[in-house]
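Coordinates for the following, if possible.
(2 chains)
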Amino acid sequence: MSAPIEIRGVTKHFRQSTGVFSPPRLVRAVDGVSLSMKAGGCFGIVGESGCGKSTLARLILGLHPVTDGDIAVDGKSLATMNRRERARLIQPVFQDPFSSLNPRRSIRDIVGLPLAAQGASGGEIDRKVAAMLERVGLRPDMAPRQPAQLSGGQRQRVAIARALVLGPRIVVCDEPTSALDVSVQAQIINLLNELRRDLGLTLVFISHNLAVVEHICDEVAVMYLGRVVEHAATDALFRAPAHPYTRALLASVLTPEPGLGIPDVGLGDHYPDPANVPPGCRFHPRCPIAAARCAVETPAPRMIGERRVECLLA
Amino acid sequence: MSALLEVEGLRVRFNSRAEAVRGVSIAVNKGETHCLVGESGCGKSVSSLAIMGLLAKGGQRTADRLAFGGQDLRGLSERAMSRLRGDRMAMIFQEPMTSLNPAYTIGSQMAEVLTRHRGGSRRAALDRAASLLGRVGITAPGMRLAQYPHQLSGGLRQRVMIAMALMCDPELLIADEPTTALDVTVQAQILRLLMELQRELGLAILLITHDLGIVARMADRVSVMYAGEVVESATAGALFAAPSHPYTRGLLACVPIPGTIARGAALGSIPGTVPRIALGFQGCGFRDRCALADASCAGAVPVQRRAAGHEYACRLEPGWGERALGERALGEQA
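Numbering: from 1, shown residues only, chains lettered A, B, ... in the order given. From the prediction side, this is the model:
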C-alpha cells in the first residue's frame, strides 16, 4: 500500500554559528515549499548543493522538526506521529553506504534493527532479514558478515533492505547512487524501480543526476535556494523547461554523445548562499535573462498549463 | 612526430602483493585531450600518479618506456621530478580543498609556484596570478588573492586550482576527476574553461574520469581501463560509435541516455564487481563478469584491431557486437 504526501508551506531555518564574537547566520534551507506527491509514484527533487533538497528529505523523514508549515502523509500530519509510527511508514536510503551502516554490526543486525526497535522476536528477525536480503539480490548467507566485507553496491542493497524490512509505504532516497560506480548504479536503479512496482511504494528520489531522475521519476520538482522554482511531469519538464534555472540545469547534463562539446550554461561565477538570499527573484544574480524588475519583485508561483513555475518572465 | 607523453608497459605494484596497474600504454599529443576512463579501483588514478612520480610509499613503478617531451622520466631523481611537476607538467585533483593549503592566502600559494620554479619577484608573480584568475572567470581577482581557501566555494576553489596549475605555462595538464565534487552547472563551466584554455595554450590534457558523458564531450582519444589494464583504446568518435570490448559495451549500456530507453525500463548493468588482482594474475581481468567469456579467456588475451588507432584486448574478433545484435534481430523476426 502506498501513501500520498502533502507538503504545505514548509519552512526550515537553521541558525549557523559563525564564531564566538559574531552573531549567528540564519540559513534558509527550505523556504516555503508546497508539493503534493502522488501515492505509488516516483517523485524527483533536483537542484544544486545547498538548494535545500536534502533538508526537505530530512523533513519528510521527520528527522528535523519544521520551522513552519506542515507535512502530512495519507492525510495525517507527521508532527502528530511518534518515532515508531513514522518508522513504519517512511524509511530512508542515504547516499553513502560506507558511512550509513554501522561498521561493527553484522548485516543481520543492521537490517534487523528496525524490527528489533519495534519489538520483534529474534526468530522473526532472522526470518524477515533472510527474506529481505534475498528480495534485494543478496544471498541470505551474507547475514553474519560485516559491512567492510561487502562492496559498495552490496552495501547499498543492505541499506535498501534495512529501509524495506518494516514494510514502509514511502522510501526517501537521498542521492542513493552518487557514491557508486556506473555499472553498480544501474543495478541499484533497476532494483529500486522493481521494488517500487512490486511493493507499491511511493518513492521520493533526491538526486543531482538528471539523467537518472528522468529515467525513473514521473514528476520532478526543481529547487533553488530553498524554493521549488519549477514542478512538472517529467516529460514536460525535460522536453520544455520553463524556468531559466531548469534550462541551465538541463543544459549542463553531459550525455555520452561525442561531438556535442560542452554547452555554455550562462550562469557566471556567482554561487548561491542560503544564508544570504538575494532580494527579488532569488535566482536573478545568476539568471542569463534577468530583467531589472527581477531584482526587486518576488515572483509568486504560477500555473502554466499543468506545471507550476516561479519566474516573472516565464 | 612523437607524442608529448609516451607511456608503454607501465606497471605498479604495492608491497609486492597486489598489482594495481598491469602494463598500461598511453600516448598524449600536444593540444590533445586523452581520457582515461574506468570504475573505481581500475587503476586510472594510480597510473597518473605513477607517471608524475607521486606514488604512495610502498608503490613500485616499472615501465618499458616513460617519456615526457622526449626525456626519459624513469631515471630522473626526485629533485629533477619535482622541478618538472608544477612547471612543465601540472596536476589538478578532485577535491581542491585538500590540495590547497588552508593556512596561506590564494595569492601567496599561487605566487610560490612561479617564484619557486622560475624565480622572479613576488610582485610579478602576484600580477600573473591575478591575470590568470581573471582568465579562469573569477571576478575581482585582486580581492580573491587576499582570501583563504575556506572563504571560497567549491567551484571557485577548482578555478583557483586550474589557474595555479597554469602559472608556469605547462605543456601537460593531468586532471584527476577535476569536477566530480562539483554541481553539474559548475562542472559544465569548469570543463568548458578547460577546453578553451587548451585551444588557446595548446595544452595536452590527460583527463581521468569515471563519467562517460565527460569522456564523450571532452576526449580526442579514450583509453578504457579495467582491473589495471587498458582494455580498449580509440578516438572518442570510434569508441562511442563502435564500442568493441564487452566491458566498454556493458558500461555504455548502464548510462541512461534520454530518448533511447523507455522510462522505468531496466538499464543495462554489469553483474559482480571489480576484482582484486593478485600478483601473477593471468588472462582477461573481466572474464568473471563477462557473459561471453569461455575457457580461453584464462589464457593470454589477444589484442584485436578494429580500425587504425582502435584496439581492444579480447578473444572476440572485430564486428562480434554487430553480429550479436544482428542475430538477435533475426531471432526476434522469426
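
OK, now which residue of chain B is nearest to chain A?
Closest contact between chain B and chain A, by C-beta to the nearest C-beta, is at residue B:213 (3.3 Å). To be clear about C-beta, it is placed using only N, CA and C from the backbone, and glycine gets the same treatment.

Angles on the backbone of that residue, please.
phi -60, psi -40 (degrees, to the nearest 10).

quick one: contacts for it?
Residues counted as contacts of residue B:213 (C-beta atoms under 8 Å, 6 or more residues apart in numbering or on different chains) are A:211, A:253-256, B:255.

at 6 Å what do you get?
By C-beta atoms under 6 Å, 6 or more residues apart in numbering or on different chains, the residues touching residue B:213 are A:254-256.

Give me the subset of the residues you listed that also touch chain B.
Restricting those to those within reach of chain B (C-beta under 6 Å from any C-beta of the partner chain) leaves A:254-256.

got the residues of chain B near chain A?
Residues of chain B lying near chain A by C-beta under 6 Å from any C-beta: B:39-40, B:137, B:153, B:155, B:183-185, B:188, B:191-192, B:195, B:212-214, B:216-217, B:236-237, B:240, B:254-258, B:264, B:266-267, B:269-270, B:273.

Name only those of these that count as buried.
Among those, the ones that count as buried by 16 or more other C-beta atoms under 10 Å in any protein chain shown are B:39, B:137, B:153, B:155, B:183-185, B:188, B:191-192, B:195, B:212-214, B:216-217, B:236, B:240, B:254-258, B:264, B:267, B:269-270, B:273.

picking up where we left off before, please name the nearest non-neighbouring residue to the residue of chain B closest to chain A.
Leaving out its chain neighbours, the residue that sits closest to residue B:213 by C-beta to C-beta, 6 or more residues apart in numbering or on different chains is residue A:254, at 3.3 Å.

Pretty sure that neighbour sits against residue B:217.
Yes - contact status for residue A:254 versus residue B:217: in contact at 5.1 Å, counting by C-beta atoms under 6 Å.

Return the residues in contact with residue A:306.
If you count contacts by C-beta under 6 Å, 6+ apart, then residue A:306 has nothing around it.

Distance of it relative to residue A:198?
Between residue A:306 and residue A:198 the computed distance is 29 Å (C-beta to C-beta, to the nearest Å).

show me what contacts residue A:312?
Contacts for residue A:312 (C-beta under 6 Å, 6+ apart) come out as A:294, A:297, A:299.

Let me know the secondary structure of it.
Look at residue A:312: counting by DSSP: H, G, I helix; E, B strand; the rest coil, its state is coil.

Name the nearest residue to it, sequence neighbours excluded.
Leaving aside its sequence neighbours, residue A:312 sits nearest to residue A:299 (C-beta to C-beta, 6+ apart; 4.7 Å).

Am I right that that neighbour is in a strand?
No - counting by three-state DSSP, residue A:299 falls outside a strand, being coil.

What is the neighbour count of it?
For residue A:299, the count of nearby residues is 21 (other C-beta atoms under 10 Å in any protein chain shown).

Residue 19: how many residues sit nearby?
In the absence of a named chain, chain A is used. Look at residue A:19: counted by other C-beta under 10 Å, it has 7 neighbours.

actually chain B
Residue B:19 has 21 neighbours, counted by other C-beta under 10 Å.

beta partners for it?
Under DSSP bridges, the beta-bridge partners of residue B:19 are residue B:13.

for it, what are its contacts?
Here residue B:19 is in contact with B:13, B:277, B:279 (C-beta under 6 Å, 6+ apart).

Out of those, which is nearest to residue A:218?
Nearest to residue A:218, judged by C-beta to C-beta, of these is residue B:277 at 42.6 Å.

Quick check, that closest one in contact with residue B:229.
No - Residue B:277 is not in contact with residue B:229 according to C-beta under 6 Å; the separation is 8.9 Å.

okay, these two: which has more neighbours?
residue B:229 (22 against 19).

got the phi/psi numbers for the closest residue to that one other than its chain neighbours?
Distances taken as C-beta to C-beta, 6+ apart put residue B:22 closest to residue B:229, at 5.2 Å, once the chain neighbours are dropped. Dihedral angles of residue B:22 (phi, psi; degrees, to the nearest 10) stand at phi -130, psi 80.

That'll do, ta.
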